[in-house]
Each structure stands twice: as C-alpha cells, then as structure tokens.
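Undergrad: need a structure here:
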Amino acid sequence: MASTLAWLALAAGLVLGLLPPRFFYTESSRHLTLLEIRSSRVHRASTLSTGRRRRAWWKSPLVWLDPFRGYGSAHLLNIGLLNVIPPSFSGGPLLMMFGHFAASLGILFVQITQGRQKTGQLLAPVCFLFGFTTGVYLDFTIVGASVAALGVATMLGTHSFTWGYVAAGAAAVAIGFPFLGPSPSLGVFAVVASAPLYLAFMQRATLVLPVRG
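TA: Take a look at the predicted model:
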C-alpha cells in the first residue's frame, strides 16, 4: 500500500510539473520583458476604448495558480522519490539525487519552453519556480521561499529576469550552504533556483512573461 501511494505521489508530482504553461494563458497575451511591462504599464488595470475594463493581470492562472502548482509538484516529487527508492537499496541516496535532479530539470524545461512565445524567447516561470524552489526539499520550505523571494525582489528592482535568477542562484548557495554544506544537494538547489538563466544563455534567448494584452 505504501509503495502504491509513493508511486501515485511521484506520478502526481510529474503531472503537475509537466503541464505546459500554454494551457494557463490565452493566445491574446503579449510576451514582454520586465522592462517592457514597466514601460507600457500593462501591469496596471486600464480602460479599453469601449469602456470595458481589462481583466486584472493577477487573475491569470500563471500568477495565482502556478505557485501552488510548483510547490505541489516539487513536494510530491520528493515524497514519491523518498518512498519509491528503498533506504536499504545500495546506492539509493545517489540514485534518488540523480532522479530528483533529472526530474526537476525536465519539469523546468517544459515550463520554460512550452509556451506560446516567439522564436528567440523563453518563458520566465516566475510564479511556478517560486513554488518549486520553496518545495524543492522537504523541511526546507523557509529557506527555499527566502531564496525565491530574493530572486523576485531583484527582478522587480532591476526590471530584469536575468538578474533576478542570478541573485536566486547566488542566494541558494549562500543561504543553503549552512544547511546543506558542500554537497550535491546544494548544487541541485542552486541550479533549480536559477534554471531559466542557464537555458536562456545556452539558447541566446530572451526571458519573457505572458501578460494579458
């Protein structure tokens, strides 16, 4: 029974994480950088020429649903892996670490690439990654949330997704080190917190956020 529940938790975590982000926003949304969002003030409620008010930006599922989806995905993934791999299994901790890292990268790859963006653009999964970083390790919620919050604060202060993820990666190392030490777990934590940065660099792409147009 316990084994069945573990596999169900693992499957649920993967399903939550592998749902493409394009399911959660409309085709009419514009893909903008943070600087473009600020300059055009699309983050504020405005009135259309017809007098009908535009739907508030925070009502998009990418904003209000994704933090919970990200946290749920990471949390269930952890629970599943901890119970699917028997503690007595030789090399179990290493196998779990590899499985956790591979699954996390796969999930974040989907969240960054599988939107409606144009060529040369990648999605910045700000809210999903906030939740995912918070739940990436069991009993590590406060540390994960602190790292994610620092990254978002840096984004807002610099109007740049890139600098926000740089800050998140650095914070993951600085804040996580006293708890995880110089371990592979610390490396996984840092890579997860700043994953969009590496993919954008490798593909020479711009990080954007879908905003209701």
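Undergrad: tally of neighbours for the nearest residue to residue 19 once chain neighbours are set aside?
TA: Nearest residue to residue 19 in three dimensions, chain neighbours excluded: residue 69, at 7.4 Å (Cβ to Cβ, 6 or more residues apart in numbering). For every residue, glycine as well, the C-beta is placed using N, CA and C. As a burial measure, residue 69 scores 21 neighbours (other Cβ atoms under 10 Å).
Undergrad: got the buried residues for the helix or strand where residue 69 lies?
TA: Here residue 69, judged by DSSP states H and E, is contained in helix 66-84. Under the neighbour-count criterion of 16 or more other Cβ atoms under 10 Å, helix 66-84 has 66-67, 69-83 buried.
Undergrad: quick one: mean pLDDT for that helix?
TA: Mean pLDDT, computed over helix 66-84, is 93.
Undergrad: which other helices and strands contact the lengthiest helix in the chain?
TA: Using DSSP state H to define each element, the chain has its longest helix at helix 92-113. For helix 92-113, the packing partners by 3 or more Cβ pairs under 8 Å, 6 or more residues apart in numbering; DSSP states H and E come out as helix 2-18, helix 66-84, strand 121-123, helix 126-134, helix 184-193, helix 195-203.
Undergrad: and that helix with helix 126-134, angle?
TA: 170 degrees (axes from the mean of the first three to the mean of the last three Cα atoms, to 10 degrees).
Undergrad: list the contacts of the residue nearest to residue 19.
TA: Residue 69 makes contact with 16-17, 19, 128, 131, according to Cβ atoms under 8 Å, 6 or more residues apart in numbering.
Undergrad: how about residue 6?
TA: With Cβ under 8 Å, 6+ apart, residue 6 has these contacts: 79-80, 82-84.
Undergrad: measure it to residue 184 for me?
TA: Between residue 6 and residue 184 the computed distance is 22 Å (Cβ to Cβ, to the nearest Å).
Undergrad: and residue 130, by the same measure?
TA: 23 Å.
Undergrad: more neighbours: which of these two?
TA: Neighbours were counted for residue 130 and for residue 184 using other Cβ under 10 Å; residue 130 has more, 23 against 14.
Undergrad: what's the closest non-adjacent residue to that one?
TA: Residue 130 sits nearest to residue 148 (Cβ to Cβ, 6+ apart), 4.3 Å away.
Undergrad: could you report the neighbour count for that neighbour?
TA: For residue 148, using other Cβ under 10 Å, the count is 26.
Undergrad: now it. Its backbone dihedrals?
TA: phi -60, psi -40 (degrees, to the nearest 10).
Undergrad: hmm, residue 133 and it touching each other?
TA: Yes - applying Cβ atoms under 8 Å, one finds residue 148 in contact with residue 133, separated by 4.3 Å.
Undergrad: residue closest to the middle of this protein?
TA: residue 129 (1.7 Å; Cα atoms, centre = their mean).
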